[in-house]
Each structure stands twice: as C-alpha cells, then as structure tokens.
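Q: Mind looking at a prediction? Sequence and model below.
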Amino acid sequence: MVRASPKRSREETTVHSLDDLGWNPFFERQVTDDDRARWTPARVVWEARERYRLSTGDLEWHGLLAGRIRHAARSCADLPVVGDWVLAAVRPAERSATIHRRLARRSRFSRAAAGRSTEEQIVAANVDTVLLVTSFNRDFNLRRIERYLALTWESGARPVVVLNKADLCSDHETWRAEMASVSQGVPVLVTSALRGDGIAELNEMIRTSGTTALLGSSGVGKSTLINTLVGDSRQGVMPIRDGDDRGRHSTTARQLFCLPRGGVLIDTPGMREVQLWDADSGLEHAFPEIQALAVSCRFRDCSHGGEPGCAVAAAIERGEFPADRLDSYRRLQREDRFLRSRYDDSARLERVRYAKQAAKAVRLQYKLRRR
Ligand SMILES: Nc1nc2c(ncn2[C@@H]2O[C@H](COP(=O)(O)OP(=O)(O)OP(=O)(O)O)[C@@H](O)[C@H]2O)c(=O)[nH]1
Ligand SMILES: [Mg+2]
Ligand SMILES: [Zn+2]
C-alpha cells in the first residue's frame, strides 16, 4: 500500500530539478528541439495498469498513454515502467499529461513474468544500483541471492547486498562470511532500519549512486529502510505476524522517490518468484570464480558436468571450491536455457502467425482488385 503522509502532500515538501530526478546527457541526447517545443520530459514515478504518475521534478502529474504508444508496443516490455523517462504533453490546469514517447533505456531489471515464462517483465528501468535486500532471519538464502545477482548484472546496474535486521542477530560475521562466498566482491552492507545501524553509510552510498532500486523478498524491510532514509513514514509497512518473521506483502506498486540529501530510490513489492530472463552474461558475472577456473578446462564449451579435463571439477576434488556453488551455477544455467528455448518457440509461433496474416491480407487485396 502506498500511503502519502497525511498532513503534507508530496508536492509541497519536495522541489527538485530534472537532474535531481536522474536526468542526464544519455536522455538529453534523445530529445530534439522540436520534441521540446511540443512535449515535456518527465520520469515515471508510479504505475498501475497503464495509469501513471509522472514527475517533472517540481510537480507530479497523472499520466495516460497516447493510443499510438500502446498500438506500437510489441509486448508489455515496450510500455513505460517506473524509472522510465518519457515525453509528455502536459495540461497544467488538470495536472494531467499524455505520454507520447518513451525514451530509450540505459538499463532494465527484468525477470520472466510470474507464471508466464515466455514474457519479459521489466521490474524497473534506468536503475544504476540495485540493493539486494535480505535479512538476518529465515529470508537469508544464498541461492536466491545468486539469482538476483545474475539478474542485476544482466540488467546493466551495479549490485550491492544489504543484510537488514542486524538487531535480530548478534553474530554478524558468520553470516557475512557465508554471504561473501556468493557475493564475490560485491559490497555487502549490514543495516538495521529499526536501530539505525549502517544507515549513514547506506545514505552516503545512495546519494552518489544515481537511481537505486530496492529488491528482495516480502518482509525483509525495503520500505522500512526507505522510510528511514526519507525521514518519514511515507511507505506503508505491515507489522509482522507472531511467530512468523517473513511478513506479508505490504508494498503493492513500485514507486520512485527523491531523497532529501540527493539520490533517487525505487521501492518494489517483494518478489516471490525470481525466474531468470535471458541472464546468460549476468550468470557469468555472478559466478566469476567459475569463469576464472573454466579457462583451464580442456574443452572450451565445458559444462563442468563430468567432462574429462574439467578444471572446476578438479578444484572441487582438491577441496578448493564448494560443490554446491557449481550445482547452483549449473541449475541456473539450465533454467536460463530452458526459458530461452520456450521464449524462442513462442517468438517463432508469433512470426508464423504474423506471416499467415500478412499473406491473407495480400490475397484479399488481389481479390478486391480483380473485381
Ligand atoms: N527487527 C527489525 N525489524 C525490521 C527491520 N526493518 C524492517 N523491519 C520490520 O519488518 C517488517 C516488514 O518490513 P517492510 O519494510 O514492510 O518490508 P518490505 O521489504 O517492504 O516488504 P514488502 O513491501 O511486502 O515487499 C515490518 O514489521 C518492519 O517493522 C529491522 O531492521 N529490524
Ligand atoms: Mg515494502
Ligand atoms: Zn569444466
């Protein structure tokens, strides 16, 4: 639930420039003088079923899509999402705007849409840094972090792991060490949104990181961290049930905020399923030690699945490398290939359907001409 603070509206408390919102030369270059004369650049700060809220830095607008944009979209991934920059025709009297163009994205965090592995879902666009939030309790799951890391590297953003709820645990170092085997050099921050541990460090990092998105399971404390950083209780937080520290989904829509001290944050609802989406190179990035060993395998395309002369298997044999890390890598790789083949199949079917339609249209034209 996205709850605005009851006393003050967002517009009254925050006056920002486009630059504060993350506007930069990459987007500037896509806008001509002609565009500027007709439209205003704005960033999508909230979206639900093709209804949008846009920010121009100084003001927020209700946004709707121009029909042309929707018709031209080949898939949902083409439509604007939170974090996108768009060109819109604004109507100041109504505080509303029509979106005419989505600017090209610098990065996008995608997963396979839940339950529909042949469709890409973009979770957030134009993100520079992804905070992978997990907590010191049952949510702590290295295999899930590996998945998120692969997707983050693939997205073009830089990952940072955040271990939240430090107040619930006295032995941070053991957990940190476990995480290090998976994070592989990615920064790991330990925080407590409730007690304040690590918040100054987090703030400083976000201030200098462009647009930062918080991702992770429901209940790990993403919205609570944002409230702590923004300095009020703008984001709804659900109390945790007795005997169940996993929490319930309380954030239902993605939303973008400007921080008072600089930096832009995107809150997202907890994700139950993080299926890979075309994460081939992201996977290689997320398992750098395997890539480093693989150059010594006898076969260039070694799958490290029992081939002779496999350097990864040899390292495991010598006890230099944990076998479950390789298992995990191979499982994710299989998943990625499987999803890609499903996607290719559905793309092929789509092309066939399209070609049939086109042929039909041509036949019809000939028929009409002969009359
Ligand atoms: N002990 C402790 N509890 C925390 C901390 N941070 C958040 N919580 C609690 O965890 C629960 C869930 O927090 P949220 O911020 O709603 O979690 P979320 O990640 O936004 O969850 P979704 O919006 O469902 O994805 C709330 O009851 C918070 O008070 C922390 O640092 N320590
Ligand atoms: Mg939340
Ligand atoms: Zn090998």
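A: In hand now; what should we look at? Ligands and ions are numbered 1, 2, ... in the order given.
Q: Off-centre distance for stretch 154-173?
A: With CA atoms, centre = their mean, to the nearest Å as the basis, stretch 154-173 stands 16 Å off its chain's centre.
Q: does ligand 2 sit close to that stretch?
A: No. Judged by CB under 5 Å from the ion, stretch 154-173 stays clear of ligand 2, getting no closer than 11.8 Å. Every C-beta, even on glycine, is put in place using the N, C-alpha and C of the backbone.
Q: in that stretch, what's buried?
A: Neighbour counts using 16 or more other CB atoms under 10 Å place 154-155, 157-166, 169 of stretch 154-173 among the buried residues.
Q: What ranges does this structure have for its strands?
A: Using DSSP state E, the strands assigned to the chain run over residues 40-48, 51-55, 60-65, 85-91, 96-102, 108-112, 120-125, 129-135, 158-164, 188-190, 211-215, 255-258, 264-267.
Q: Compute the inter-axis angle for the longest one and strand 85-91.
A: With axes from the mean of the first three to the mean of the last three CA atoms, to 10 degrees applied, the angle from strand 40-48 to strand 85-91 works out at 100 degrees.
Q: Verify the stated contact: residue 231 with residue 260.
A: Yes. Checked against CB atoms under 8 Å, the pair residue 231 and residue 260 is within contact range at 6.3 Å.
Q: Any chance of the strands of the chain in TSV with distance to residue 316 and mean pLDDT as columns?
A: TSV is the format used below for those (distance: least, CB to CB, whole Å; pLDDT from 0 to 100):
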stretch	distance to residue 316	mean pLDDT
strand 40-48	45	95
strand 51-55	50	94
strand 60-65	52	95
strand 85-91	46	97
strand 96-102	47	96
strand 108-112	30	87
strand 120-125	34	89
strand 129-135	26	94
strand 158-164	25	95
strand 188-190	25	95
strand 211-215	31	95
strand 255-258	44	90
strand 264-267	39	93
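Q: how about those in JSON lines, adding distance to residue 74?
A: JSON lines is the format used below for these (distance: least, CB to CB, whole Å):
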{"stretch": "strand 40-48", "distance to residue 74": "19"}
{"stretch": "strand 51-55", "distance to residue 74": "20"}
{"stretch": "strand 60-65", "distance to residue 74": "15"}
{"stretch": "strand 85-91", "distance to residue 74": "18"}
{"stretch": "strand 96-102", "distance to residue 74": "13"}
{"stretch": "strand 108-112", "distance to residue 74": "15"}
{"stretch": "strand 120-125", "distance to residue 74": "11"}
{"stretch": "strand 129-135", "distance to residue 74": "26"}
{"stretch": "strand 158-164", "distance to residue 74": "29"}
{"stretch": "strand 188-190", "distance to residue 74": "39"}
{"stretch": "strand 211-215", "distance to residue 74": "25"}
{"stretch": "strand 255-258", "distance to residue 74": "25"}
{"stretch": "strand 264-267", "distance to residue 74": "25"}
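Q: isn't residue 113 right up against residue 77?
A: No. Contact criterion CB under 8 Å: residue 113 and residue 77 do not qualify, at 9.4 Å.
Q: what do these two both touch?
A: Counting by CB atoms under 8 Å, 6 or more residues apart in numbering, the common neighbours of residue 113 and residue 77 are 120, 121.
Q: for ligand 2, what are the nearby residues on this protein?
A: 222, 223, 251.
Q: mind listing which of the residues you listed are in helices?
A: Secondary structure from DSSP state H places 222, 223 of the residues of the chain next to ligand 2 in helices.
Q: hmm, back to that, select, out of the strands of the chain, the one closest to ligand 3.
A: Checking those against ligand 3 by CB to the ion gives strand 158-164 as the closest, at 25.6 Å.
Q: Tell me the strands beside that closest one, with direction?
A: Partners of strand 158-164 in the sheet, by DSSP bridges, are strand 129-135 (parallel), strand 188-190 (parallel).
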